[in-house]
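In: requesting a structural model of the entry that follows:
(one chain, ligands or ions: 2)
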Amino acid sequence: MTTQIAGTRVAFLGTGTMAEAVLAGALGSGLAPSDVVATARRPERGAELAERYGVTTTADNAEAVTGARVVVVGVKPKDVAAMLDAVAGALEPDAVVVSVAVGLPLSLYARHLPAGQPVVRTMPNTPAQVGAGVTAVVAGPTTAEADVALVEALLAGTGETVRIAEKEIDAFGALAGSGPAYVFYVVDAMAEAGVLMGLPRDVARRLAVQTVLGSGRLLAETGEHPAILREKVSSPGGTTVQALKRLDDGGVRSAFLNALEAARDRSRELAAELG
Ligand SMILES: NC(=O)C1=CN([C@@H]2O[C@H](COP(=O)(O)OP(=O)(O)OC[C@H]3O[C@@H](n4cnc5c(N)ncnc54)[C@H](OP(=O)(O)O)[C@@H]3O)[C@@H](O)[C@H]2O)C=CC1
Ligand SMILES: O=C(O)[C@@H]1CCC=N1
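Out: Ligands and ions are numbered 1, 2, ... in the order given. The predicted structure follows:
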């Protein structure tokens, strides 16, 4: 039987960019706003979330977890340990704690939570907000399969989920967690090039966005290797190979490899600093 999220009480602790994206995706797949408590430390942020999603908001994290079956910890990595300490005594024994934090290992959660508290470590990305995310899911060592399935049900409306081993999550975060930022960077650069060539700014941006959207769909829907699709755009002696040569001259491919390794290494550093 497929696990459903409807009817499950969910608390989001620290509802910033990522937690809001997960919240929005989950509401899209049947989570009822009346079953959600989202915390914010600034009253204006709480009011914004209540207005936008119809969820209950509070600044009191311990109050928020009372009665919650799933607890998503959405604060920055440096603030996670203090957040866990603040709510540990108020958690229901069966509450599944969901990590979205980059770097932090499951062992940190085990140290700051009551013995046996179920934990699922995830690595989402911001396209979750529009149901087009991809999230890594790592089960805690003592977390029951039914609890992992419940977290996957929470994430179902945010896009795809992929179960991985914890040792793979730094690379997953470098590619998919941070990935949207690389794509936005490329879109911004392509739009800027359009402006350089005299296109109106809004037109240039629309062209860049639609080109990335269409290319992503073409990749996903055909299942073709990106190199094959690239070749299909690049006519011999044509225009595209000229542009691609300039990207190669600029070391763009190598820069991508270095960039993702740097993100992975920073994730490992955070684990060493905070874990
Ligand atoms: N952004 C992304 O693309 C991704 C982020 N992540 C992970 O998600 C987590 C959050 O990152 P992100 O969403 O970018 O960060 P944000 O700063 O946007 O979100 C953190 C939120 O927590 C709030 N907060 C901090 N302390 C408390 C507290 N004591 N009580 C209630 N609320 C509190 C902050 O409030 P205030 O607004 O007042 O600062 C803020 O709204 C990180 O661990 C990050 O590693 C993972 C994958 C992708
Ligand atoms: O930059 C960060 O630290 C977070 C983690 C993955 C995406 N954003």
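In: would the longest strand along the chain count as contacting ligand 2?
Out: Secondary structure of the chain read by DSSP state E shows that its longest strand is strand 133-139. No: using C-beta under 6 Å from any ligand atom, strand 133-139 never reaches ligand 2; the gap is at least 10.9 Å. Bear in mind the C-beta positions are built from the backbone N, C-alpha and C, glycine included.
In: list the buried residues of the following helix or strand past that strand.
Out: Following strand 133-139 in sequence order, the next helix or strand is helix 145-155 (DSSP states H and E). Neighbour counts over helix 145-155 (16 or more other C-beta atoms under 10 Å) mark 147-155 as buried.
In: neighbouring contacts of helix 145-155?
Out: Applying C-beta atoms under 8 Å, 6 or more residues apart in numbering, the contact partners of helix 145-155 are 2-5, 8, 10, 22, 25-26, 31, 69-70, 72, 96, 98, 118, 120, 122, 124, 128, 135, 137, 139, 161, 163.
In: give me the buried subset of those.
Out: Neighbour-count burial (16+ other C-beta under 10 Å) applied to the contacts of helix 145-155 gives 5, 8, 10, 22, 25-26, 31, 69-70, 72, 96, 98, 118, 120, 122, 124, 128, 135, 137, 139, 161.
In: filter those by proximity to ligand 1?
Out: residue 124.
In: looking at the buried residues of helix 145-155, which is nearest ligand 2?
Out: Of all those, the one with the least separation from ligand 2 (C-beta to the nearest ligand atom) is residue 155, at 15.8 Å.
In: gap between the closest one and residue 79?
Out: Separation of residue 155 from residue 79 (C-beta to C-beta, to the nearest Å) stands at 22 Å.
In: on that earlier part again, the contacts of helix 145-155 in helices, which ones?
Out: 22, 25-26 (DSSP state H).
In: how far away is residue 47 from ligand 1?
Out: 13 Å (C-beta to the nearest ligand atom, to the nearest Å).
In: show me what contacts the nearest residue to that residue once chain neighbours are set aside?
Out: Excluding the flanking residues, the one nearest residue 47 by C-beta to C-beta, 6 or more residues apart in numbering is residue 57, at 7.4 Å. Residues in contact with residue 57 (C-beta under 8 Å, 6+ apart) are 15, 37-40, 46-47, 49-50.
In: read off the pLDDT value for residue 57.
Out: Listed pLDDT for residue 57 reads 98.
In: pLDDT weak spots in the stretch 1-150 of the chain?
Out: 1 (pLDDT under 70).
In: and the closest residue to ligand 2 within it, how far from ligand 1?
Out: Ligand 2 sits closest to residue 102 of the stretch 1-150 of the chain, with a gap of 3.7 Å, by C-beta to the nearest ligand atom. For residue 102, the distance to ligand 1 equals 4 Å [C-beta to the nearest ligand atom].
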